[in-house]
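Peer 1: Sharing a sequence plus its predicted fold:
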There are 2 protein chains.
Amino acid sequence: MLSEFLLAEMSRLGAQDALPLHRQLYEALRRAMLDGKLGAGERLPSSRDLAQDLQLSRNTVVAAINQLSVEGYLASRVGSGTYVNDNVPRATPGRSARQASGQPASRQAGRLSVRGTALSSTFCATELEVQPFTPGIADFSAFPLTLWQRLQNKHWRMTYPDMLDYNTSGGYAPLRRAVADYLRVFRSVHLDADQVVITSGTQQSLELCARLLADHGDTVWVEDPAYWGAVKAFMATGLAIHPVRVDEEGIAPASADNAKPPRLIYVTPSHQYPTGAVMSLPRRHQLLATARVHDAWVLEDDYDSEYRFSGPPISSLEGLDTDGRVFYMGTFSKVLYPGLKLGYLVVPRPLVAAFKQAHYDLNRPGQMPVQAALAEFIEMGHFASALRRARQNYGERRQCLLEALRPVLRDTPEGPSISGAEQGLHLCLRLPPGVDDRALAQRIAQQGLTVRPLSAYCLARQDLRGLVIGYGYAPLADIARCGPVLAALVGQALNA
Amino acid sequence: MLSEFLLAEMSRLGAQDALPLHRQLYEALRRAMLDGKLGAGERLPSSRDLAQDLQLSRNTVVAAINQLSVEGYLASRVGSGTYVNDNVPRATPGRSARQASGQPASRQAGRLSVRGTALSSTFCATELEVQPFTPGIADFSAFPLTLWQRLQNKHWRMTYPDMLDYNTSGGYAPLRRAVADYLRVFRSVHLDADQVVITSGTQQSLELCARLLADHGDTVWVEDPAYWGAVKAFMATGLAIHPVRVDEEGIAPASADNAKPPRLIYVTPSHQYPTGAVMSLPRRHQLLATARVHDAWVLEDDYDSEYRFSGPPISSLEGLDTDGRVFYMGTFSKVLYPGLKLGYLVVPRPLVAAFKQAHYDLNRPGQMPVQAALAEFIEMGHFASALRRARQNYGERRQCLLEALRPVLRDTPEGPSISGAEQGLHLCLRLPPGVDDRALAQRIAQQGLTVRPLSAYCLARQDLRGLVIGYGYAPLADIARCGPVLAALVGQALNA
């Protein structure tokens, strides 16, 4: 009966508004929940079953479900499917299916808030097991641990009471200077050290920006496909997420997007996550002009700019900004190690005082001895040499992976082809539209390898198929051994 | 003219609704802003001038201004007064005074969001200079730094790659076990180690709860007077803050409070911040019953329970809860040092998985080697002996401060009297209603001593006068020297 309701609703919407199919399904599912046709706490049929019942492509179904999850209507739990959030408000009075059947609503889901349910549910892209090819993971086995230990020890010996307290000035001053020097030289960022705020990493940088620059309900433009960590940060801070398509030159706002004027625009210009697209220079100027028109702030996440293997070096978007509207952010987790929990945010001058005050009040930053050790690590050139070694190391892995994948590449417009291999710790293997990339990723997982389906990063669009493949985590030998396995499975899918 | 508008508006409101005076002034000021009588970016007259012009007590004015600041209408900047937020929406079209005069609106204030302006403005209680008697500050000069350095060094030597990564399990397992053992024995908390989530401190614990348990606009009951750090966390997460009076038995909801049914109730039951009231047993049972009626969650912040000097030990509120609706939180910053950035949150069992997942996704917790060092610090009994030494140390300071203040105490219902000296690192000197505690605190600051006026912690009420005096920071000799100075200034104010 659910299918019938959805089909009726979709045909009504289709006739009326000429909405795309996934949007019709989104509206129909939403209506089913608000009317109580889909009861609070009820399990949704699988995307495969829904696709079959409604005669839609599975990706249409997945796009609708993703959007409803982003908005807090649905919650997914690993291994147990997708559920209607118990807190979805009902438009008309009436009893949900589950209540009518006399069963109590699920206690756990019912007692989280709507946003709590959304924030604690997992998306396809955030499973936690790490295996060869998992993207987003660096290899810190080569990190100079003994040296780092010695530096930390030294700064602990030199510590004085102020270093044990919270910090009120945006971070340890020599570290802010070291970051400013690095960014000025290597990333063409315009800044002085006073503009650097040391944070606990990109999540904190993003939340600070979202809270101080936008109000609840304000619109943030997010690249589609997107980095899920940023999407979660914007969900957590109550922003309305508007997906904007990414092409081979980066984010590509269409005129229709202007109907949702942004307060914030979040971009990863030097290596779009996950497609790897580098934002072209004309596109950068266009984006800054668009931001000016909307009086929007631009959040530039330069998450892996340290690792560039080929092609010209890409400067920061911030460096092109004459208007003081770009916030630039980066992290030390890719060159040192993630658990360090140190990142940085470059704040336009007029807002520095406000950001430091709010950062203190909201986050009570501390960890000063570690910041001191890191400042010396950078000043003494250890950061640069760790980076050099890592770049060489990852460069070899990247080469090995590229060679393993070469047999499946085709020189046709539809591919398969590789994008985003010039930089960072992952690349994107683009696949023809007919390939079910989720099913392929699952088959690959059965061989003990983790790759992410590109469609799992898509917020609204349905046209992308591919695999996001990391070469940061697995040692060279593993890549040499597993690369051909991966390629063979891709080849099978292409021939299926 | 502003005064005339406000007086007219207040007399209208007074006739109509019998609102208390501070509420009338709140409404009149709000109306003045929405109507453009008080322009965006304009500076408010000082509370002293407003009080004089309107023939109101200064505390009435301060209460109204505090409430408008909490709601984001006004912003204060240290040393430059209180301003109308540039983003206050205007109810009627029209030009603000400043726009009409041809001046551009302040760029900085105008480009922060409404919540950003509120979150980055300082309140009376969050000035950052630390002098003798500043409350909320511990003395970590006695912390066994060499031992701590040795432990950290040891765990850095023993570290393995997983310890450098983000942590997905709610914290280092031996630390969670050590926290659970401590809380079970000393705080009568019912828990197993799996329920402990290691956070970066109380701010993070509060935000996690607010986000997962409440939605934007939901009501949180907050003690009045209140801990400003918690108020900021709730502002940042978009909750509607409803102040509930505190008396000598702790939070005391009246039947009128039920008109604002809470989703969350935030309390500091073992040593109310800042009055020091201990929540009585009957009141604890009442609070749990009230929470049950509203199906609300209780957030128990046990921020300084480690330091109890006299009176029977106070168990946790969580220990009385048979319903699984209390979240218990604490911090290591008072016994070790603030910059450590480690605290803990005890999550009711059905919500543990959701909290760990969201904590990982939103905060990417790390710092595992420090967690390992802390686990050993506790397991080997160093935490207990640091606590013993500190308790003795603070006990002597407390005694010295009590003796210095004795000459100003009076055995009358109006006081002056001392509350909250049984526990923690501050006490509250209650003063008769006629004393201007803000002016007194300013005179004391001129002598190089920092105390906080009790009225600065009040959200809506106006009946409290007093000084919040810390004895955690200053060494015994300073307290012996400065205590009589403080007492003399208080004595002068009483005789003025």
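Peer 2: Everything's here; your move.

Peer 1: any idea which element A:Ile469 lies in?
Peer 2: strand A:466-470 (DSSP states H and E).

Peer 1: C-terminal to that strand, what's the next element?
Peer 2: helix A:476-495.

Peer 1: mean confidence score for that following helix?
Peer 2: The pLDDT scores in helix A:476-495 average 95.

Peer 1: list the helices and strands it packs on?
Peer 2: Other helices and strands packing on helix A:476-495, by 3 or more Cβ pairs under 8 Å, 6 or more residues apart in numbering or on different chains; DSSP states H and E, are helix A:382-405, helix A:437-445. Heads up, the C-betas are built off the backbone N, CA and C, glycines and all.

Peer 1: Please identify the pairing partners of whatever helix or strand comes next after the longest one and their relative orientation?
Peer 2: Right, helix A:382-405. Scanning forward in sequence from helix A:382-405 by DSSP H and E, the next helix or strand is strand A:417-419. Pairing partners of strand A:417-419, with direction, according to DSSP bridges: strand A:426-430 (antiparallel).

Peer 1: Could I get the buried residue list for the strand it pairs with?
Peer 2: For strand A:426-430, burial by neighbour count (16 or more other Cβ atoms under 10 Å in any protein chain shown) applies to A:His426, A:Leu427, A:Cys428, A:Leu429, A:Arg430.

Peer 1: what about the strands in the stretch 201-350 of chain A?
Peer 2: With strands called from DSSP state E, counting those that start in this stretch, the stretch 201-350 of chain A shows them at A:219-224, A:240-247, A:250-251, A:264-267, A:297-301, A:326-331, A:343-346.

Peer 1: would you list those in a markdown table and tack on distance to chain B and mean neighbour count?
Peer 2: Shown next, in a markdown table, are the strands of the stretch 201-350 of chain A (distance: least, Cβ to the nearest Cβ, whole Å; neighbours: other Cβ atoms under 10 Å in any protein chain shown):
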| stretch | distance to chain B | mean neighbour count |
| --- | --- | --- |
| strand A:219-224 | 12 | 25 |
| strand A:240-247 | 12 | 20 |
| strand A:250-251 | 22 | 24 |
| strand A:264-267 | 10 | 26 |
| strand A:297-301 | 8 | 26 |
| strand A:326-331 | 10 | 26 |
| strand A:343-346 | 10 | 25 |
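
Peer 1: I'd like those strands laid out as TSV, including mean pLDDT.
Peer 2: Supplementary listing: the strands of the stretch 201-350 of chain A in TSV, determined by pLDDT from 0 to 100:
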stretch	mean pLDDT
strand A:219-224	97
strand A:240-247	96
strand A:250-251	96
strand A:264-267	98
strand A:297-301	97
strand A:326-331	96
strand A:343-346	98
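
Peer 1: Between these, which one is closest to A:Ser417.
Peer 2: Smallest distance to A:Ser417 across these (Cβ to Cβ): 14.0 Å, for strand A:240-247.

Peer 1: by contact count, what packs against that closest one?
Peer 2: strand A:219-224, helix A:228-236.

Peer 1: Adding distance to B:Val352 as columns, could you present those in a markdown table?
Peer 2: Shown next, in a markdown table, are the helices and strands packed on strand A:240-247 (distance: least, Cβ to Cβ, whole Å):
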| stretch | distance to B:Val352 |
| --- | --- |
| strand A:219-224 | 30 |
| helix A:228-236 | 19 |
